[in-house]
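**Student:** Next come a sequence and a model predicted from it.
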Amino acid sequence: MFTEVEQEQLIEKLEIFKIQGRDKRGRKILRIIGKFFPARNLSVEVVNKYLSEKIFPELEKRPFAVVYVHTDVEKSENFPGVSALRSFYDAIPVKVRENLEAVYFLHPGLQARLFLATFGRFIFSGGLYGKLRYVSRVDYLWEHVRRNEIGMPEFVYDHDEDLEYRPMMDYGLESDHARVYGDAPAVDSPVTMYSMRCIS
């Protein structure tokens with residue numbers, strides 16, 4: 001485990017949490033990139049301290065929304081666990097919690113949907129579960145968020161492209177791990193993923 005200072009520097013460097021842009025209702029956005037969360041190297045206490053010092057003070061005064069990017073999150077690498085999620089949520093100050101009006105959950109996947117359907121109401125009290133909006137594609141996010149004001153890593157767009165050619169990934173009927181299918185042809189298609197990317 002890294003020292004507290006090293007953990008804080010890691011959070012800052014990876015830009016896991018970033019207040020950036022506004023949604024179409026003019027609310028500030030807290031963007032969270034799940035893939036960047038190094039669950040093995042961060043303690044719950046350090047994350048809560050970072051949020052309380054660097055993020056929450058900017059969200060106390062006005063309504064805001066969260067864009068949570070779940071793309072490429074794997075349980076073993078960047079999922080903090082149920083108890084950690086509960087701790088993060090419990091540490092949110094009341095003023096901040098009251099100002100949170102929407103959570104846009106990008107690329108949820110079947111496992112995430114099942115997890116939230118099963119445990120969401122228990123982990124997130126105070127109506128947060130009801131503010132959750134699943135967003136299966138980046139293009140659908142732009143219906144709610146001002147496109148030019150929020151940055152997305154390239155792998156998010158790559159995943160969107162994969163979903164277009166492999167729609168069963170949305171329902172967990174096909175693996176979403178690149179190493180499993182590599183350049184294998186899409187379902188019912190003689191064209192490989194590589195060649196599809198070249199022509200798109």
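**Tutor:** Looks like it came in fine.

**Student:** What score does E58 have for pLDDT?
**Tutor:** You'll see E58 listed with a pLDDT of 94.

**Student:** now do G182
**Tutor:** The per-residue pLDDT reported for G182 equals 38.

**Student:** Following element in sequence after the helix or strand hosting L10, please.
**Tutor:** Of the helices and strands defined by DSSP states H and E, L10 is found in helix 4-14. Scanning forward in sequence from helix 4-14 by DSSP H and E, the next helix or strand is strand 17-22.

**Student:** so I29 is in which element?
**Tutor:** If you go by DSSP H and E, I29 is part of strand 28-33.

**Student:** Let's see that strand as PDB, backbone CA atoms only.
**Tutor:** As requested, C-alpha coordinates have been extracted for strand 28-33 and formatted as PDB (Å, rounded to 0.1, in the frame of the first residue of the first chain):
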ATOM      1  CA  LYS A  28     -22.000  21.200 -12.700                       C
ATOM      2  CA  ILE A  29     -20.700  17.800 -13.500                       C
ATOM      3  CA  LEU A  30     -18.500  15.500 -11.400                       C
ATOM      4  CA  ARG A  31     -16.900  13.100 -13.800                       C
ATOM      5  CA  ILE A  32     -15.700   9.800 -12.300                       C
ATOM      6  CA  ILE A  33     -13.700   7.400 -14.400                       C
END
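
**Student:** Partner strands of it, with direction?
**Tutor:** In the sheet, strand 28-33 lines up against strand 17-22 (antiparallel), strand 64-69 (parallel) (DSSP bridges).

**Student:** Q7 reaches N41, doesn't it?
**Tutor:** Yes - applying C-beta atoms under 8 Å as the test, Q7 and N41 come out as touching, 6.8 Å apart. C-betas here are computed from N, CA, C, even on glycine.

**Student:** ok, these two, which is more surrounded?
**Tutor:** A direct count of neighbours by other C-beta atoms under 10 Å for Q7 and N41 places Q7 higher, at 20 against 13.

**Student:** The closest residue to that one other than its chain neighbours: what's it in contact with?
**Tutor:** Setting aside the residues directly before and after it, Q7 is nearest to V46 in space (C-beta to C-beta, 6 or more residues apart in numbering), at 4.3 Å. Under the criterion of C-beta atoms under 8 Å, 6 or more residues apart in numbering, the neighbours of V46 are E4, Q7, E8, I11.
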